[in-house]
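Asks: the amino acid sequence is not available; the structure is as follows:
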């Protein structure tokens, strides 16, 4: 056996030993309290399908990678090599919770052995061990818990491919709460299980693991790594996140300053002719969270580069990083030390700076506040099919006509029964939609009316059973529509397997997804000079941020966008950051 093979086997053995010790301690202590509340499988009380009720089962053996935002996990794995006893101590400090709804890894089809990790940045203030006025104080009523950053990491061990998909926090979805529709960021208020369920039910993206960071954890990652450097081409300011950079150039950021950058979604930027030292007069960026996501993707690559240059494996510095991070790092209970070992061994050579980073395409409201069933939800975003479907397929490495939950082909249209409800009150809309679906080969079994939810509404494609067959049937119907269309777990009408409730912006496609031509090839024009390497590699939808409007919403925001001229970015090689003017 080679030295490398002996090292790898030794790591695996240590991982198993640590897991054995942890299991023994748990059996002595008894069952852990569940974070999510008293519902079955860890979900909120009364939540349907919370946890163990989901048909995909609990996670078994995991094979997967990790990314920069969760770099603490990689460090913990390397520390295992120092010995099982110390490794168990470090591993034990991570906060593990019961998360329901996690699916078993796919073993067949195009998605075989791939895994998706839900990564969440929580806004909790009351959950912080040390209250900080800069974040808002729990004692002053800042008690909400939302998903400030929601990303899904896709890992393919066969090809060692890594990709990341961000879900905009203001995306309005049918199953955000156990009680119904809300913005996706609000799902976390009912616990991780609800957020996992919402993503699987409304987007058809299977989730195998859950990892959550809070403000303290994120800042500690950067601080313990010695800070990072970023280039600021223009002065920028965000009064809400605390970001205030009045001088251009390469700046060195500590953990708190880095957090100000990644949280900035009310950005103002300096333009010539305005006072450079008084940022309150600067123009406001229009895209809010969508622009923030683009900056966060760039930040992740900068952080990954810092980790690569720093190197890991120094027991003293690694232990310091772990001790700072682990107490505030939350993962699902299925993520054990053996999995961490496999993570590092399988993906240690992956260059994450070149991994494709995408944002789910959306359309953004232009009317200020969205009214749904009489409630007011502020600014919202709607899905943008078929751009959404193409992006999710690309993210998962699938083709049109594949089931995103299983990787298997979607069923024939003739086997899917569909009913249509008129959700807008537009005369004849349900009948016309049913006729168009029937022309595609679907078995239409009824039409009817539903109470309109507001002036603007999404078209929902409902399925009443969480079985792979019913989800696949709903996905086939949704993939045959364009516009503001989204899946929904909920009741169907007329005994149909799937019910379409029409909204204010949709159309029926002329072909089924499996019959449609492949997505258009990447544009032949060169990408903007400030597009990242991953954008160029991925190659499609590199465009300026959407500005045109139609029917109360902007045009679809693309899956990949370049940085704007004022966005912070990686410093040129060899540049040393200064402290700047914060």
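Replies: That came through, no problem. No experiment lies behind these values; they were computed from the predicted model shown. Numbering: from 1, shown residues only.

Asks: need the contact partners of the lengthiest strand in the chain.
Replies: Secondary structure assigned by DSSP state E gives strand 147-156 as the longest strand of the chain. Applying C-beta atoms under 8 Å, 6 or more residues apart in numbering, the contact partners of strand 147-156 are 63-67, 69, 113-123, 161-167, 169, 184-185, 187-188, 195, 199, 205, 207, 262-263, 296, 347, 395-397. All C-beta spots, glycine's among them, are computed from the backbone N, C-alpha and C.

Asks: in its sheet, what does that strand sit against?
Replies: In the sheet, strand 147-156 lines up against strand 115-122 (antiparallel), strand 161-166 (antiparallel) (DSSP bridges).

Asks: so which of those is the most packed in?
Replies: strand 115-122 (a mean of 24; mean count of other C-beta atoms under 10 Å).

Asks: in the stretch 151-300 of the chain, which spans are helices?
Replies: Taking DSSP state H, counting those that start in this stretch, the helices of the stretch 151-300 of the chain run over residues 192-203, 215-224, 255-262, 289-310.

Asks: do the stretch 401-550 of the chain as well
Replies: Under DSSP H, counting those that start in this stretch, the stretch 401-550 of the chain gives helices at 429-439, 468-478, 533-538.

Asks: quick check: mean pLDDT of the shortest one?
Replies: Across helix 533-538, pLDDT averages out at 30.

Asks: what does stretch 165-178 give?
Replies: For stretch 165-178, the per-residue pLDDT averages 95.

Asks: now the strands paired with strand 147-156 in a markdown table, with distance to residue 301?
Replies: Below are the strands paired with strand 147-156 laid out as a markdown table (distance: least, C-beta to C-beta, whole Å):
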| stretch | distance to residue 301 |
| --- | --- |
| strand 115-122 | 15 |
| strand 161-166 | 10 |
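
Asks: looking at the ones you listed, which is closest to residue 241?
Replies: Residue 241 sits nearest to strand 115-122 of all the strands paired with strand 147-156, at 12.6 Å, using C-beta to C-beta.

Asks: okay, and the helix or strand of this structure with the least pLDDT?
Replies: One helix or strand of the chain scores below all others by mean pLDDT, DSSP states H and E: helix 533-538, with a mean of 30.

Asks: just the buried residues of stretch 376-390, please?
Replies: 377, 379-390 (16 or more other C-beta atoms under 10 Å).

Asks: just those residues: which are in strands?
Replies: 381-383.

Asks: now these in a markdown table, with distance to residue 414 and pLDDT?
Replies: Shown next, in a markdown table, are those (distance: C-beta to C-beta, whole Å; pLDDT from 0 to 100):
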| residue | distance to residue 414 | pLDDT |
| --- | --- | --- |
| 381 | 35 | 94 |
| 382 | 30 | 95 |
| 383 | 27 | 94 |
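
Asks: deepest of the helices of the stretch 401-550 of the chain, which one?
Replies: Among the helices of the stretch 401-550 of the chain, helix 468-478 has the highest mean neighbour count (mean count of other C-beta under 10 Å), at a mean of 23.

Asks: now that helix against helix 192-203, angle please.
Replies: 50 degrees (axes from the mean of the first three to the mean of the last three C-alpha atoms, to 10 degrees).

Asks: which strands or helices does helix 468-478 pack on?
Replies: strand 459-463, strand 485-489, strand 498-501 (3 or more C-beta pairs under 8 Å, 6 or more residues apart in numbering; DSSP states H and E).
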